[in-house]
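Visitor: Structure of the sequence below:
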Amino acid sequence: MTMATADLSSGWVEAIRQRRKALLQRLGMGAASALVFSPILGWDFSIAWVAGYFLVQILDLWVFGPVNAGKSQSFGLPRFAAACVMLVANAAYFGSLSVPLWLVGGPMGGVCAAILLSSGAIYAVVNAPRSRTVLALTIAPQFLYLAVTPVFMVTHGASAAFATAFAIAIAVFMTYCLSTWQRMEMARKSEEAARLDAESRRLHAEEVMESRQAFLAAVGHDLRTPISAIMAGAGVIQDSTDDYHTRNQARLITDAGLMMKALLDDLLDHAKIEAGRMTVEVDDFNLRSLIAQTARLWQGPVASKGLKLRIEGASQVPAHVRGDSMRLRQILNNLISNAVKFTDTGSITLKLKAWEEEPSGYSVLIEIQDTGPGMTPAQIQRLFSPFDQTTSGVSARHGGTGLGLAISRHLSELMGGRLTAHSRLGEGSSFTVALSFPRANSETSSLPAPERAGREVVARALGGLPDKAPVAPPAAPAPTPAPAVEAGPVAAEPVETSPVAEPEVAVEEVAEDDAPMRVLVVDDHDINRRAIQLILQPLGCEVTTAADGLLALKACDAQTFDLIFMDVRMPELDGREATRRLRASDNANAEVPVIAVTADTSPEDITACGEAGMTYFVPKPITPASLLGAVTHVVNGATIRPPQENRIEAVA
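Guide: Down below sits the predicted model:
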């Protein structure tokens, strides 16, 4: 190891680069010093001194060029020796200006020289971080010139007492400079240690969050499997019996499954928010229709508690806007659910206000008022804290995790808005969502059917309420805009609480030409395969199952199918890759509709499924309505969509 390499380990390179950053400061200070003292030293001398000083700086740049340019971290011994000489020469040349000041200016020039040398020493302290070598080489010439000062004083007639006092002052100043550099180094090391510790803690926190997110995602994926089976089994039981009590029990199981899924979704959303991975989408949608659909969804639960649901100012709301309709619906469902949960008598009112905002958008205020018990200021302060129910016993009486309002506030902020709450004890509560929406690019925007988007949160609100007879939806409702909501009370009507489709309709549609539909169900979980089989078998379908993508391709080689349900996450060969291989083959099933079945419902995952050639998308947990809706879409289509369109449709 050379001397250069040994010194580099103590921060030599950092000190050299710090000096390079201060080059302009060094040039300016040298030129200014010579020109300021030109009345004493003469212009010719000052200009010649400045020229020599600039030449020294050019040599300095050449010697340290490889280090300053980042091309080298070490010097050989000859170049390192030259570098040390250069550091000394640079500092010595600057300090040499003190000698003519003494010789020409006398004692008054000596005062100027002392100030000049002091500034040079301080410059060396500041611009030699981490390297004692650079400090010693750059500050030694200044100290040497200062040490000679008492000699100049004596030659100009100063007494021994003054010379001795000045010598002591110089020693104190030198000690001060060195101790200051030491304290700066200690502070720098402490700061660096704190920064490294903070960085280490940040990385550890990110690792913990990533592992937590991965754990929650895995648990969420795995929990959807038994929830799918619970809901599918309950749906089949409900449709296959005429016994009133059995149907009620099946509906209870279905609602419990929906509540479990809603709680699971809240936990996963909260984990995404904590990990900074929650995003919002921007697309055209009909704001009036969204509010009207959401209000109709809650008419049943509101009426079941003997409450009234009112909407005021609906005519002010713009129709076509751009934003994230799914997240806005989630916010509204959470707020209305909260109002229904805590209001026993009176009404729930949606107050709507909107106005145009230049250059091309709208500001919208959506206020949800209730006549519940209200809250204290202390409860309002804790209102948006995750897992905080503000009062003891709330979770036991009403259920939930305390995440809905926290998630809603974060979603509002992601959409560029605010969610605020106002309440007084005994006077009810009001929650206000303030959002801005750009105008839609097209007036042909539509909304997804609201049933799935709000069913889980409605199921939670229905806990403990009187049961109503379920109204089964069509197997695959077409997404059509709802009429504008008018001001005034909204009449209560039955609300659907079970996602079970009428099997008679589906049987008539599937049983085309009395030929049974041949269906391949691909899933690595046996319980999922059995759940889908349980839903399809009453329709007369011939169901073949496979546990992974490779077995699915072998099954496709052995026989032809009319429809394939393909799980996305599987060992051996996942669903997307299996679909790609099937589409690229000359197999008889190459153009058979493939419906993706997965718990991964982010836009990126849906897009990836479409790009793999999958035709439809059914989210887990699987319900009879979503599954039969997918089958109905396929059967009613005049032709099968070609895979190259990369189209994918979410079935709710």
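Visitor: Next, count neighbours for the spatially closest residue to residue 31 that is not a sequence neighbour.
Guide: Closest residue to residue 31 apart from its sequence neighbours, by Cβ to Cβ, 6 or more residues apart in numbering: residue 50 at 5.2 Å. For every residue, glycine as well, the C-beta is placed using N, CA and C. Using other Cβ atoms under 10 Å, residue 50 has 18 other residues around it.
Visitor: Confirm that residue 50 sits in a helix.
Guide: Yes. Assessed with DSSP: H, G, I helix; E, B strand; the rest coil, residue 50 lies in a helix.
Visitor: so who does it touch?
Guide: By Cβ atoms under 8 Å, 6 or more residues apart in numbering, residue 50 lies in contact with 30-31, 34-35.
Visitor: Need the buried ones from those residues selected in PyMOL.
Guide: The buried residues among the contacts of residue 50 can be selected in PyMOL (16 or more other Cβ atoms under 10 Å) with this line:
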select buried, resi 30+31+34
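Visitor: Among the contacts of residue 50, which ones are in helices?
Guide: 30-31, 34-35 (DSSP state H).
Visitor: List the contacts of the nearest residue to residue 320 once chain neighbours are set aside.
Guide: Using Cβ to Cβ, 6+ apart and skipping the chain neighbours, the partner closest in space to residue 320 is residue 440 (3.6 Å). Neighbouring residues of residue 440 by Cβ under 8 Å, 6+ apart: 284-285, 320-322.
Visitor: and residue 440, what pLDDT?
Guide: Note on residue 440: pLDDT of 87.
Visitor: repeat for the one 3 residues further on
Guide: According to the model's per-residue confidence, residue 443 sits at a pLDDT of 68.
Visitor: which SSE is residue 208 in?
Guide: Counting by DSSP states H and E, the element that carries residue 208 is helix 160-240.
Visitor: what mean pLDDT does whichever helix or strand comes after that helix have?
Guide: Downstream of helix 160-240, the first helix or strand assigned by DSSP H and E is helix 244-274. Across helix 244-274, pLDDT averages out at 74.
Visitor: Next, the buried residues of helix 244-274.
Guide: 247, 250-251, 253-273.
Visitor: what's in contact with stretch 179-189?
Guide: Against stretch 179-189 from outside (Cβ under 8 Å, 6+ apart): 125, 128-130, 135.
Visitor: what's the most distant pair in those residues?
Guide: Longest distance between any two of these is 12.7 Å, between 125 and 130; criterion Cβ to Cβ.
Visitor: Neighbours of the spatially closest residue to residue 113 that is not a sequence neighbour, how many?
Guide: Leaving out its chain neighbours, the residue that sits closest to residue 113 by Cβ to Cβ, 6+ apart is residue 98, at 3.4 Å. For residue 98, the tally of surrounding residues (other Cβ under 10 Å) stands at 26.
Visitor: which element follows the least confident helix or strand in the chain by mean pLDDT toward the C-terminus?
Guide: The least trusted helix or strand in the chain, going by mean pLDDT, DSSP states H and E, turns out to be helix 503-510, with a mean of 34. Downstream of helix 503-510, the first helix or strand assigned by DSSP H and E is strand 518-522.
Visitor: tell me the mean pLDDT over the following helix or strand past that following strand?
Guide: Next helix or strand after strand 518-522 toward the C-terminus (DSSP H and E): helix 526-536. Helix 526-536 shows a mean pLDDT of 82.
Visitor: cool, and stretch 163-183?
Guide: 92.
Visitor: How far does stretch 29-37 sit from its chain's centre?
Guide: 55 Å (Cα atoms, centre = their mean, to the nearest Å).
Visitor: Give me the contacts around that stretch.
Guide: Residues external to stretch 29-37 that are found in contact with it (Cβ under 8 Å, 6+ apart): 41, 46-47, 49-50, 53, 94, 97, 101, 105, 112, 116, 119, 123.
Visitor: do that again at 6 Å, thanks
Guide: 46, 49-50, 53, 94 (Cβ atoms under 6 Å, 6 or more residues apart in numbering).
Visitor: tell me which residues in stretch 152-161 are buried?
Guide: Neighbour-count burial for stretch 152-161 [16+ other Cβ under 10 Å]: 152-153, 158.
Visitor: just those residues: which has the poorest pLDDT?
Guide: Least confident by pLDDT among these: that is residue 158, with 87.
Visitor: Next, that residue: secondary structure please.
Guide: coil.
Visitor: Does the residue lying closest to it once chain neighbours are set aside lie in a helix or a strand, and which?
Guide: Among residues not flanking residue 158 along the chain, residue 107 sits closest, at 7.5 Å (Cβ to Cβ, 6+ apart). Counting by DSSP H and E, the element that carries residue 107 is helix 98-126.
Visitor: Same question for residue 618.
Guide: Going by DSSP H and E, residue 618 is in strand 616-619.
Visitor: Partner strands of that strand, with direction?
Guide: When pairing is defined by DSSP bridges, strand 616-619 lines up against strand 594-598 (parallel), strand 649-650 (parallel).
Visitor: Now do the last one, average pLDDT.
Guide: Strand 649-650 shows a mean pLDDT of 39 in the predicted model.
Visitor: what does the longest one give?
Guide: Strand 594-598 comes out with an average pLDDT of 86.
Visitor: How far off centre is the helix or strand that that strand is followed by?
Guide: Moving toward the C-terminus from strand 594-598, the next helix or strand (DSSP H and E) is helix 603-611. Distance of helix 603-611 from the chain centroid (Cα atoms, centre = their mean) equals 20 Å.
Visitor: between helix 603-611 and strand 594-598, how big is the angle?
Guide: Put simply, helix 603-611 runs at 160 degrees to strand 594-598, going by axes from the mean of the first three to the mean of the last three Cα atoms, to 10 degrees.
Visitor: What values do phi and psi take at the residue nearest to residue 439 when sequence neighbours are not counted?
Guide: Computed as Cβ to Cβ, 6+ apart, the closest residue to residue 439 that is not its neighbour in sequence is residue 360, at 5.2 Å. Here is the backbone geometry of residue 360 (degrees, to the nearest 10): phi -150, psi 70.
Visitor: The one 4 residues further on now?
Guide: Reported as degrees, to the nearest 10, the phi and psi values for residue 364 are phi -130, psi 130.
Visitor: Enumerate every residue touching it.
Guide: Contact analysis of residue 364 by Cβ under 6 Å, 6+ apart lists 354, 435.
Visitor: For residue 95, which non-adjacent residue is closest in space?
Guide: residue 145 (4.4 Å).
Visitor: where's the residue nearest to residue 158 relative to residue 370, distance?
Guide: 89 Å (Cβ to Cβ, to the nearest Å).
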